[in-house]
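>>> sequence below, structure please.
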Amino acid sequence: MQAVDKEVIDQVLAWLRNGDHCWLATVVETWGSSPRPIGSLLACNSDGVMVGSLSGGCVEDDLKDKLLAGELAAEHPQFFRYGVTAEDTEKFGLPCGGHLNIVIEPQQPDAQTIEQFDQLYQALNERCWVLRNVDVAKNTVHLAPATEPAPLSWSGEHQVLQHTYGPSYQLFIIGAGMVSQYLADMAKMLDYQVTVCDPREDLLEQFPVDGVMKVCDMPDDAVRAHADDHATAIVAMTHDPRIDDMGLMEALNTQAFYVGAMGSSRTSASRRERLLALDVSEHALSRLHAPIGLPIGSKTPPEIAIAVLAEITAERKTQHLEAVAVSPSIEKSSASA
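Predicted coordinates:
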């Protein structure tokens with residue numbers, strides 16, 4: 001989940017706790033180019049205050065106009081389609097050939113709704129996955145635990161939305177050195193939650209990047225405690241085998257979508273031999289990105305950080321697109337578009 005979408009859930013809960021009526025909008029289908037992916041969220045309250053994003057701004061403006069005109073239902077979900085005609089595409093500022101479908105759910109500040117969003121909020125903060133099943137026709141919502149990310153499913157025929165919510169993407173950095181500083185700073189700009197682990201207390205205390213979680217512990221223990229989920233990327237950046245190898249042995253057994261280690265080809269080959277000697281399997285080692293980062297000829301710490309984040313983000317996007325491609329509802333919609 002992107003940080004902006006997590007902010008939407010947080011704000012909906014805050015509004016409901018304050019007794020405010022609000023609406024939650026979800027992008028359920030797109031065709032062609034679209035500014036935001038399927039599953040993107042936006043919320044607004046009765047005063048027209050908005051959090052989140054569905055497009056470049058024009059769709060949001062139209063929804064606000066509908067709200068102020070009293071066209072958003074207060075009791076039952078609604079379905080809206082944007083960009084079907086060339087006139088729509090131009091009016092709403094959508095890319096050429098792009099259009100999107102949106103489900104908007106009114107949220108009443110009653111005990112049941114508050115409890116559901118509180119459960120969702122708590123689960124996301126604990127880095128857990130939750131399936132939210134919305135039956136638009138029956139106007140019912142059910143939450144269920146989920147074990148892994150899944151593509152959003154929208155059945156236009158049955159008017160059922162299934163959306164798996166998960167934690168924000170996390171970058172777990174082993175080592176608090178110079179490259180890690182640039183990596184943490186840039187990762188925050190890309191919406192990653194950043195955790196820095198280093199057993200060397202003095203080095204960790206001097207880590208200058210604000211807004212990161214610092215863990216002074218052995219990396220294998222820290223990985224088990226903080227980094228074993230599908231929304232985490234783990235990178236070993238110390239160049240010290242006594243620290244990196246312990247973290248990597250654990251990291252390669254986690255659900256992390258990316259595991260990488262800094263070092264030259266020669267260093268990476270030596271690391272591979274050490275890990276094999278420590279009974280790490282060939283299968284587990286096949287997950288390891290080493291040398292780390294895209295091959296852009298990086299030499300300086302900021303260049304290395306750019307290469308690493310580019311590779312991590314590419315891996316994340318590839319996995320996300322593969323997941324979306326197997327969604328039955330999207331396959332059906334694409335065939336009929």
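>>> pop the domain breakdown of the chain in here.
3-165, 170-320 (automatic domain parsing).
>>> in CSV: these, plus mean pLDDT and mean neighbour count.
C-beta coordinates here come from the backbone N, C-alpha and C atoms, glycine included. Output for those, formatted as CSV (pLDDT from 0 to 100; neighbours: other Cβ atoms under 10 Å):
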stretch, mean pLDDT, mean neighbour count
domain 3-165, 87, 17
domain 170-320, 95, 18
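>>> who are the packing partners of the longest helix anywhere in the chain?
In the chain, with assignment by DSSP state H, the single longest helix is helix 301-325. Applying 3 or more Cβ pairs under 8 Å, 6 or more residues apart in numbering; DSSP states H and E, one finds that helix 301-325 contacts helix 178-189, strand 232-236, strand 258-261.
>>> I'd like the ones you listed as CSV, with distance to residue 75 appended.
Output for the helices and strands packed on helix 301-325, formatted as CSV (distance: least, Cβ to Cβ, whole Å):
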stretch, distance to residue 75
helix 178-189, 40
strand 232-236, 40
strand 258-261, 44
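>>> residue 133: which of those is closest?
strand 232-236 (25.7 Å; Cβ to Cβ).
>>> quick one, strands of the stretch 101-250 of the chain?
Applying DSSP state E, counting those that start in this stretch to the stretch 101-250 of the chain gives strands spanning 129-135, 140-146, 153-155, 160-165, 170-174, 193-197, 213-215, 232-236.
>>> CSV for those strands, including distance to residue 51?
Shown next, in CSV, are those (distance: least, Cβ to Cβ, whole Å):
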stretch, distance to residue 51
strand 129-135, 18
strand 140-146, 20
strand 153-155, 22
strand 160-165, 16
strand 170-174, 22
strand 193-197, 19
strand 213-215, 24
strand 232-236, 25
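>>> among the ones you listed, which is nearest residue 5?
The nearest among the strands of the stretch 101-250 of the chain, by Cβ to Cβ, is strand 160-165 at 8.2 Å.
>>> pairing partners for that closest one, with directions?
strand 129-135 (antiparallel), strand 153-155 (antiparallel) (DSSP bridges).
>>> just to revisit the earlier point, any idea which of the helices and strands packed on helix 301-325 gets closest to residue 171?
helix 178-189 (4.5 Å).
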